[in-house]
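Colleague: One predicted model, sequence on top.
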Amino acid sequence: MRTFRCDNCGHPLFFENVQCLQCGSALAFLPERLALCAVEPVPGNDAGLWRRRTRDPPRGESRQYRLCHNHVEYQACNFTVPATDPNVLCVSCRQTRVLPDLSVADNRERWYRVEVAKRRLFYTLAKLALVSPEPAAGANDGPVFEFLADLPGQPVLTGHCEGVITLNIAEADDAERVRRRISLHEPYRTLLGHLRHESGHYYWDRLVHDRGRIDAFRDMFGDERTDYSRALQAYYAAGAAPANWQARHVSGYATAHPWEDWAETWAHYLHMVDLLETASSFNTRMTVPGSEDGVNEVANPFDSGARDFDRLVEQWIPLTLLLNSLNRSLGQDDAYPFALSAAALDKLRFAHDVIYTPEQ
Ligand SMILES: [Zn+2]
Ligand SMILES: [Zn+2]
Ligand SMILES: [Zn+2]
């Protein structure tokens with residue numbers, strides 16, 4: 001994701017910030033602008049109303065906001081809500097329907113971490129016009145979330161069902177997530193990755209099923225009518241099959257079932273555009289050492305002129321080489337531990353086309 005700059009002093013800001021470290025301005029993310037902005041209380045008003053803070057005399061910045069209730073109550077969110085919206089929660093928080101028991105030690109910190117990842121998912125979905133940053137007052141948009149903790153005898157399974165994404169908040173504990181990653185032989189497991197994957201199931205319903213793209217989907221990913229629970233049982237019993245799964249799939253888990261293949265592909269597509277946007281905001285230019293390809297300047301993947309899929313891939317491959325090489329310089333494992341085959345890239349192209357092809 002792009003970095004932001006403080007409206008008041010120009011200091012670089014990150015998406016999660018709530019205060020500028022240089023000038024002390026309060027910060028909030030304004031969903032309709034998809035930007036982190038300096039904000040100030042509306043003068044002479046004690047009803048908790050805020051407005052954008054600008055360095056010059058106010059230039060028509062009369063729009064008023066409240067801070068999301070989850071900021072006021074728990075310091076767990078940095079989004080604003082338009083003052084005219086009757087919903088006290090922001091566009092991201094209102095999609096969370098069930099919270100873990102916040103009176104249990106550590107659940108608040110786990111929930112906070114999950115909501116941070118969810119706001120990042122929101123940002124990318126909004127950039128792709130898959131959710132509205134400004135839904136009608138009070139309205140909901142996009143998937144609904146339930147964040148739950150295991151109870152004795154009631155383990156919580158992360159997954160998607162009929163528009164609702166359930167996430168086991170144990171995944172917010174680094175030690176527990178790494179334990180699961182190793183025991184399941186996964187090279188990559190993050191909160192953001194989980195949410196991106198599950199959102200793929202949600203958008204399969206909306207963009208593939210509801211828009212009559214089932215035949216094209218089956219040609220690319222296989223027949224999703226294959227028994228789903230049996231397929232998952234077989235995957236967890238025997239692992240990825242066939243052994244050379246890299247030739248056709250983005251990940252080992254993608255072999256489990258056509259729906260999982262799609263959701264893994266979708267998550268990779270969201271990784272791809274987020275990483276490219278970050279690199280473009282830093283004006284990244286690359287030449288792979290020894291290559292004859294010349295300088296590759298990373299374009300913002302959300303700019304309408306840069307949406308060509310082949311162009312995204314041209315930038316993506318050297319960028320992931322650079323990213324992994326930087327990680328190895330610090331003694332870390334590869335941040336992006338995948339190599340995409342031509343067949344896997346075709347699946348990513350399918351996701352790209354599904355997102356950008358208007359409804360017929
Ligand atoms: Zn500042
Ligand atoms: Zn919020
Ligand atoms: Zn899945």
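Modeller: Nice, thanks for sending it over. Ligands and ions are numbered 1, 2, ... in the order given.

Colleague: Let me see the contact set for residue 174.
Modeller: By CB atoms under 8 Å, 6 or more residues apart in numbering, the contact set of residue 174 is empty. For glycine as for every other residue, the C-beta is placed from the backbone atoms N, C-alpha and C.

Colleague: Backbone torsions only: list them for it.
Modeller: When read as degrees, to the nearest 10, the backbone of residue 174 gives phi -60, psi -50.

Colleague: now it: how far from residue 180?
Modeller: Distance from residue 174 to residue 180, counting by CB to CB, to the nearest Å: 11 Å.

Colleague: Strands of the stretch 151-300 of the chain, start to end?
Modeller: Secondary structure of the stretch 151-300 of the chain (DSSP state E, counting those that start in this stretch): strands at 159-161, 164-168, 285-286, 296-297.

Colleague: who wins for proximity to ligand 3 among the ones you listed?
Modeller: Nearest to ligand 3, of all the strands of the stretch 151-300 of the chain, is strand 159-161, at 6.3 Å by CB to the ion.

Colleague: Around residue 102, count how many other residues there are.
Modeller: 13 (other CB atoms under 10 Å).

Colleague: And for residue 227?
Modeller: 10.

Colleague: Which pLDDT does the model give it?
Modeller: On pLDDT, residue 227 comes in at 96.

Colleague: so where is the stretch 1-150 of the chain shaky, pLDDT-wise?
Modeller: Counting by pLDDT under 70, the stretch 1-150 of the chain contains low-confidence ranges at 56-61, 137-139.

Colleague: where exactly do the helices run in it?
Modeller: Using DSSP state H, counting those that start in this stretch, the helices assigned to the stretch 1-150 of the chain run over residues 69-74, 107-127.

Colleague: Contacts for the first one, please.
Modeller: With contacts defined as CB under 8 Å, 6+ apart, helix 69-74 is touched by 18, 28, 48, 76-79, 81, 88-90, 93, 102, 108, 112, 115.

Colleague: Mind giving me the ChimeraX select for the residues you listed, buried ones only?
Modeller: ChimeraX command restricting these to the buried ones, with burial defined by 16 or more other CB atoms under 10 Å:
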select :28,76,77,78,79,81,89,90,93,108,112,115
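
Colleague: nearest to ligand 1, of the contacts of helix 69-74?
Modeller: Nearest member of the contacts of helix 69-74 to ligand 1, counting by CB to the ion, is residue 18, at 12.3 Å.

Colleague: OK, contacts around the closest residue to ligand 3 within the chain?
Modeller: Of all residues in the chain, residue 263 sits closest to ligand 3, at 4.3 Å by CB to the ion. By CB under 8 Å, 6+ apart, the residues touching residue 263 are 197, 198, 200, 201, 204.

Colleague: Mind checking which of the residues you listed land in helices?
Modeller: Mapping the contacts of residue 263 onto helices (DSSP state H) picks out 197, 198, 200, 201.

Colleague: For the stretch 101-250 of the chain, list the residues in contact with ligand 1, please.
Modeller: Within the stretch 101-250 of the chain, no position is adjacent to ligand 1 by CB under 5 Å from the ion.

Colleague: re the thing from before, any chance of the helices of the stretch 1-150 of the chain in CSV with distance to residue 298 as columns?
Modeller: CSV is the format used below for these (distance: least, CB to CB, whole Å):
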stretch, distance to residue 298
helix 69-74, 33
helix 107-127, 16
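
Colleague: For burial, what's the neighbour tally of the nearest residue to residue 128 once chain neighbours are set aside?
Modeller: For residue 128, ignoring the flanking residues on the chain, the nearest one in space by CB to CB, 6 or more residues apart in numbering is residue 355 at 5.5 Å. By other CB under 10 Å, the residues close to residue 355 number 18.

Colleague: contact partners of the one helix or strand residue 355 maps to?
Modeller: Using DSSP states H and E, residue 355 falls within helix 342-356. Residues from elsewhere that reach helix 342-356 (CB under 8 Å, 6+ apart): 128, 130, 207-208, 211, 213, 216-217, 220-221, 246-250, 261-262, 265-266, 268-269, 272, 307, 309, 312-313, 340.

Colleague: Go again with 6 Å.
Modeller: Contacts to helix 342-356, defined as CB atoms under 6 Å, 6 or more residues apart in numbering, come from residues 128, 207, 220, 248, 250, 265, 266, 269, 309.

Colleague: Contact partners for residue 323?
Modeller: Neighbours of residue 323 in contact, by CB under 6 Å, 6+ apart: 335, 336.

Colleague: Assign a three-state SS to it, would you?
Modeller: Judged by DSSP: H, G, I helix; E, B strand; the rest coil, the three-state class of residue 323 is helix.

Colleague: and what of the one 5 residues further on?
Modeller: Here residue 328 takes the helix state, with states given by three-state DSSP.

Colleague: where exactly do the helices run in the stretch 151-300 of the chain?
Modeller: Under DSSP H, counting those that start in this stretch, the stretch 151-300 of the chain gives helices at 174-183, 191-203, 214-221, 228-238, 258-281.
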